[in-house]
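*Asks:* Build me a model:
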Amino acid sequence: MELLWLSAVSTRTYQVYQSGVNAFLTFMTMQGFVWTTTLPPISEDILIRFVAHCYRRLLLQYSTIKSYLCGIRIRYLQVGLPNPWTSGSLIRLQTIAQGVKRHQGLSTSPRLPITTPILTKMCMALNHGVFDPYTCVLLKAVCCLAFFGFLRCGEFACDTDNFNPVYNLTLRAGQFSRISATFTLLLAASKTDPFRKGVTITYTATGNCVCPVASMQAYLVHRHRYALHNTDPLFVTVDGKVLGRTYIIVQLKKLLRLCGYDDNAYNGHSFRIGAATSAASAKVPDHLIQVLARWSSSCYTRYIRTPQDVLWRAQKDMAYLC
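*Replies:* Down below sits the predicted model:
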């Protein structure tokens, strides 16, 4: 039963939820609450006070507070204790949370896209050996696969101490086809695949320095220096450790700085944003962008960053309509 509860959300999300539950229990202890059951009795008033505590004392962002509340909800549902979510509307809690969101405004820095020109510059720098040879081929393979596969950070990297061959990328996840000059990648688990059916992404050879097929071929030649069991991680660092989120973000920012970009404006999700933006610039039809990125709705439009000159040109075109 515990396994089914754990499988209800992704590993990363579960960890955030657990942090929320821990923060809530700490808050309850600080408030002088004592309980004899698995979890303390709660009410909407208590949750409102917890939101205020997260905002004022813990200095958390709205998105984190919202995730914490989701974690608390899941935990109470799991143990079967009475809770406000099963007893009626939580309009007061929702209003307070909305107040946090409005008060914080747009305090978070925007994530800029890694578009084709930026990816090209990054790959050229890696070709010139800005890091050690192994790290260069590793980063190039990861960057190209993340970009052309519209991958989320959690789909190609994981928490170093939580590698699981059932959910994370392994050597058996990738296959080359000499006939069609393609490389297929099987994602055993992803955000849009809650039932773990698996999603296959096919990469085609592009014939230039950002080619995902060629970059993976080069990487796997170097990868052979380490263990090669089918269930071993697909991506490992130069010291043989599984590719972790923190590592890839640190290396990505170093590479962007070397290429002359402000690394603070980019993160692991910049590949997915950049892929959508580049596809739109290349006039790829909307429905194909949706398929390429595995979006089930039109939310992909939020990821497309339209250059200002394109907007200006649209306004001028509007002015001359007959």
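*Asks:* Is residue 157 in contact with residue 244, as I believe?
*Replies:* Yes. Under the contact definition of C-beta atoms under 8 Å, residue 157 touches residue 244, with a separation of 5.9 Å. Using the backbone N, CA and C atoms, a C-beta is placed for each residue, glycine as well.
*Asks:* now the strands: where do they sit in the stretch 151-300 of the chain?
*Replies:* If you assign secondary structure with DSSP state E, counting those that start in this stretch, the strands in the stretch 151-300 of the chain sit at 174-177, 182-187, 199-204.
*Asks:* ok, and which of the ones you listed has the densest surroundings?
*Replies:* When you average the neighbours per residue for each of those (mean count of other C-beta atoms under 10 Å), strand 182-187 leads with a mean of 19.
*Asks:* partners of it in the sheet?
*Replies:* Strand pairing for strand 182-187, using DSSP bridges, gives strand 174-177 (antiparallel), strand 199-204 (antiparallel).
*Asks:* Columns distance to residue 97 on top of these, output as JSON lines?
*Replies:* What follows is those, written out as JSON lines (distance: least, C-beta to C-beta, whole Å):
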{"stretch": "strand 174-177", "distance to residue 97": "42"}
{"stretch": "strand 199-204", "distance to residue 97": "33"}
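*Asks:* got CSV for those strands, with mean pLDDT and distance to residue 289 too?
*Replies:* What follows is the strands paired with strand 182-187, written out as CSV (pLDDT from 0 to 100; distance: least, C-beta to C-beta, whole Å):
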stretch, mean pLDDT, distance to residue 289
strand 174-177, 90, 24
strand 199-204, 89, 14
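*Asks:* closest one to residue 148 among those?
*Replies:* Of all those, the one in closest proximity to residue 148, counting by C-beta to C-beta, is strand 199-204 (5.7 Å).
*Asks:* which other residues reach that closest one?
*Replies:* With C-beta atoms under 8 Å, 6 or more residues apart in numbering as the contact definition, strand 199-204 has outside contacts at 145, 148-149, 151, 180-187, 190, 192-193, 212-213, 216, 294.
*Asks:* residues touching the closest residue to residue 172 other than its chain neighbours, list them.
*Replies:* With sequence-adjacent residues excluded and distances taken as C-beta to C-beta, 6 or more residues apart in numbering, residue 172 is closest to residue 230, at 4.0 Å. Residue 230 sits next to 170, 171, 172 when contact means C-beta under 8 Å, 6+ apart.
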